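K.L.:
Build me a model:
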Amino acid sequence: MALVQFLVVQASLASFRAVSQKPSVTRPQVNPLQQYIDDLEFPDASTREAAAHAIHDLGDAARDAAPALFAAILRETDACPWVGTALTRIGPLAADLDALESALRSDNSHVRFWAARTIVKLGPDAEPLIPILISLLCDSHHPVTDSVVWALGTIGIPAISPLVDATHDDDAELRGRAVLALGRYPQDAAIKLPAIVKSLDDPDPNVRRQAAHAICSLGQDAHPDRDGYDAGTFSTLVAAIDRIADGDSIDVDAEWFGRVHGWLRPSA
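P.N.:
Down below sits the predicted model:
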């Protein structure tokens, strides 16, 4: 009996060695990013959502997924926010301008919103999109217009001249939105301020109000003891604030204006 057991054990060991010494089968490596890109077209919505989340988490390493994300956001009827979030995380490239323009022209306000948000990461490279962005300042959906103003601000100096031109447009709504966009950010205030001040004389009361708001917005970032505004720009800003204070044809939030006026003229 002992001999039989010994032989059984030896046979088992031999079998194990034979299996363990067989050459391993090399399985093809699957590129995780490519799998996520493929999953963006999967019929199941939860799979598409998981893929977009995974792409978002990869960050800059997932830049090659941008075209697929643009296709997905245009394809989804509800412009899935998880696709838009992934786009804003990884950011577009200059090569994606055509896709961005298509998204900005979408009939879906959610798509327009995410497109404008994505442009924020592109910055000055989005200069070719300035005309359509300015036209979207009059979008009927506030989240879209707010994102457009943000995008124009990140484009910087190239957007200033077209915005100044828009302050002379026949459409009063566009004039007002352009003035507001000029005043949203303090950068390059010396270039923007003359057009904003001139809009205090606009025939439309809403445009005058937007100009006053823009001046107050710039005023929040100005102070004689601060860097950022040169003496000439600061003087122009203070003169505009004084003009608003002395006039009665410009409607502006009194509490906000009072804070800004006191900030610029603490002894007044």
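
K.L.:
gap between A62 and S217?
P.N.:
Noted for A62: a distance of 36 Å to S217, by C-beta to C-beta, to the nearest Å. Every residue, glycine included, has its C-beta placed from N, CA and C.

K.L.:
Pull the contacting residues for A68.
P.N.:
A68 is in contact with 37, 40, counting by C-beta atoms under 8 Å, 6 or more residues apart in numbering.

K.L.:
ok, which stretches of the stretch 51-200 of the chain are helices?
P.N.:
Secondary structure of the stretch 51-200 of the chain by DSSP state H, counting those that start in this stretch: the helices cover 66-75, 81-90, 97-104, 109-122, 130-135, 142-155, 157-166, 172-184, 189-198.

K.L.:
So which of these is nearest Q210?
P.N.:
helix 172-184 (4.0 Å; C-beta to C-beta).

K.L.:
Need the contact partners of that closest one.
P.N.:
134, 137-138, 145, 148-150, 152-153, 160, 163-164, 166-169, 192, 195-196, 199, 202, 204, 206-207, 209-211, 213-215, 217-218.

K.L.:
at 6 Å instead, please
P.N.:
Applying C-beta atoms under 6 Å, 6 or more residues apart in numbering, the external contacts of helix 172-184 come out as 137-138, 149, 152-153, 163, 166-167, 169, 192, 196, 199, 204, 206-207, 210-211, 214, 217-218.

K.L.:
what does the average pLDDT come to for the helix or strand hosting A239?
P.N.:
Assessed by DSSP states H and E, A239 sits inside helix 231-246. When pLDDT is averaged over helix 231-246, the result is 77.

K.L.:
Can you tell me which residue sits nearest the middle of the chain?
P.N.:
R117 (2.4 Å; C-alpha atoms, centre = their mean).

K.L.:
Per-residue pLDDT of that residue, please?
P.N.:
Reported pLDDT for R117: 93.

K.L.:
from now on call the first residue 91
P.N.:
In the new numbering, first residue 91, that becomes R207.

K.L.:
Is it correct that D186 is in contact with D154?
P.N.:
No: using C-beta atoms under 6 Å, D186 is not in contact with D154, being 11.3 Å away.

K.L.:
Pick out whichever of these two has more residues nearby.
P.N.:
Higher neighbour count among D186 and D154: D186, with 22 against 15, using other C-beta atoms under 10 Å.

K.L.:
can you count the residues close to the residue found closest to that one once you drop the neighbours it is linked to in the chain?
P.N.:
Residue nearest to D186 in three dimensions, not counting chain neighbours: A156, with 5.5 Å by C-beta to C-beta, 6 or more residues apart in numbering. Neighbourhood size, A156 [other C-beta under 10 Å]: 21.

K.L.:
I247 too?
P.N.:
12.

K.L.:
Repeat that for L270.
P.N.:
Neighbours around L270, by other C-beta under 10 Å: 22.

K.L.:
gap between it and I180?
P.N.:
L270 is 30 Å from I180, by C-beta to C-beta.

K.L.:
ok, back up a step: pull out the buried residues from the contacts of helix 262-274.
P.N.:
227-228, 239, 242-243, 253, 256-257, 282, 286, 289, 297, 300-301, 304, 307-308 (16 or more other C-beta atoms under 10 Å).

K.L.:
quick one: low-confidence ranges for this structure?
P.N.:
The model of the chain has pLDDT under 70 over residues 91-120, 167-169, 311-319, 337-358.

K.L.:
Nearest residue to K211 in space, ignoring adjacent ones along the chain?
P.N.:
Closest to K211 by C-beta to C-beta, 6+ apart is G181, at 3.6 Å.

K.L.:
hang on, isn't that neighbour packed against G213?
P.N.:
No: counting by C-beta under 6 Å, G181 stays clear of G213, with 9.3 Å between them.

K.L.:
Pick out whichever of the two has more residues nearby.
P.N.:
G181 (17 against 14).
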